[in-house]
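S.K.: Show me the folded form of this:
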Amino acid sequence: MNVDDRVSRVGRFLHSKGPAEVLYGALVSSVVLAATSASAETGELVVVATAMVSVTYWLAHVYADAVGGRFEDTDHSTHHRLRHALHNNTGVLLGSLPVLVVFVIGRLIGLDVHDSAFLALWFTVAMLAAAAAFAAHRAGVRGAELLGETALAGAFGLLVIGLKLILTH
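M.R.: The predicted structure is shown next:
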């Protein structure tokens, strides 16, 4: 499989899961990870807290879609809409996983909680920038404008690192 085929497969996967939801999940988990790792003594606490908040945000997203969408969709019951929302809104959960996995990898290779958190947060910066670059490139953006869109997305991740630095000191 060549590079273009792989990029196309990634694009189809992200599109099917809602790229915005995947990015939202990554941001939610990175913010929670930044906050919990500032005072946590164990990596387990960081992982459990981040996972629980990510699941709660996912459920809130499902709830808002199911019940909030009922105002526009009067033909389907809330039960039907809830079942549909549970099935179709997994992007938030999927987006939170890479951040947690990178944190756990950091812990497994011997990094302390603080350094593992920074590893996961820098990964988030790279992920946000890569997603923005990919989306902009697919839209035909090139040159300085592509660089600008990529930098802006990375800057959002840098805000989370700034939060971590503030909470750590």
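S.K.: The residue positioned nearest the centre of the chain and V67: what is the separation?
M.R.: For the chain, the residue nearest the mean C-alpha position is A26 (1.3 Å; C-alpha atoms, centre = their mean). Distance, A26 to V67, by C-beta to C-beta, to the nearest Å: 25 Å. C-beta coordinates here come from the backbone N, C-alpha and C atoms, glycine included.
S.K.: Flag every buried residue along the helix or strand hosting L159.
M.R.: Assigned by DSSP states H and E, L159 belongs to helix 143-168. For helix 143-168, a neighbour-count test (16 or more other C-beta atoms under 10 Å) marks 146, 149-150, 153-154, 156-158, 160-161, 163-164 as buried.
S.K.: Which residue comes closest to the residue nearest to the centre of the chain once chain neighbours are left out?
M.R.: G95 (4.3 Å; C-beta to C-beta, 6 or more residues apart in numbering).
S.K.: Next, the contact list for the one you found, please.
M.R.: 21-29 (C-beta atoms under 8 Å, 6 or more residues apart in numbering).
S.K.: Let me have the residues you listed in JSON lines, extended by distance to A120, secondary structure and pLDDT.
M.R.: Formatted as JSON lines, the contacts of G95 follow (distance: C-beta to C-beta, whole Å; DSSP: H, G, I helix; E, B strand; the rest coil; pLDDT from 0 to 100):
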{"residue": "E21", "distance to A120": "19", "secondary structure": "helix", "pLDDT": "87"}
{"residue": "V22", "distance to A120": "16", "secondary structure": "helix", "pLDDT": "89"}
{"residue": "L23", "distance to A120": "15", "secondary structure": "helix", "pLDDT": "92"}
{"residue": "Y24", "distance to A120": "17", "secondary structure": "helix", "pLDDT": "91"}
{"residue": "G25", "distance to A120": "13", "secondary structure": "helix", "pLDDT": "93"}
{"residue": "A26", "distance to A120": "10", "secondary structure": "helix", "pLDDT": "95"}
{"residue": "L27", "distance to A120": "12", "secondary structure": "helix", "pLDDT": "95"}
{"residue": "V28", "distance to A120": "13", "secondary structure": "helix", "pLDDT": "94"}
{"residue": "S29", "distance to A120": "9", "secondary structure": "helix", "pLDDT": "97"}
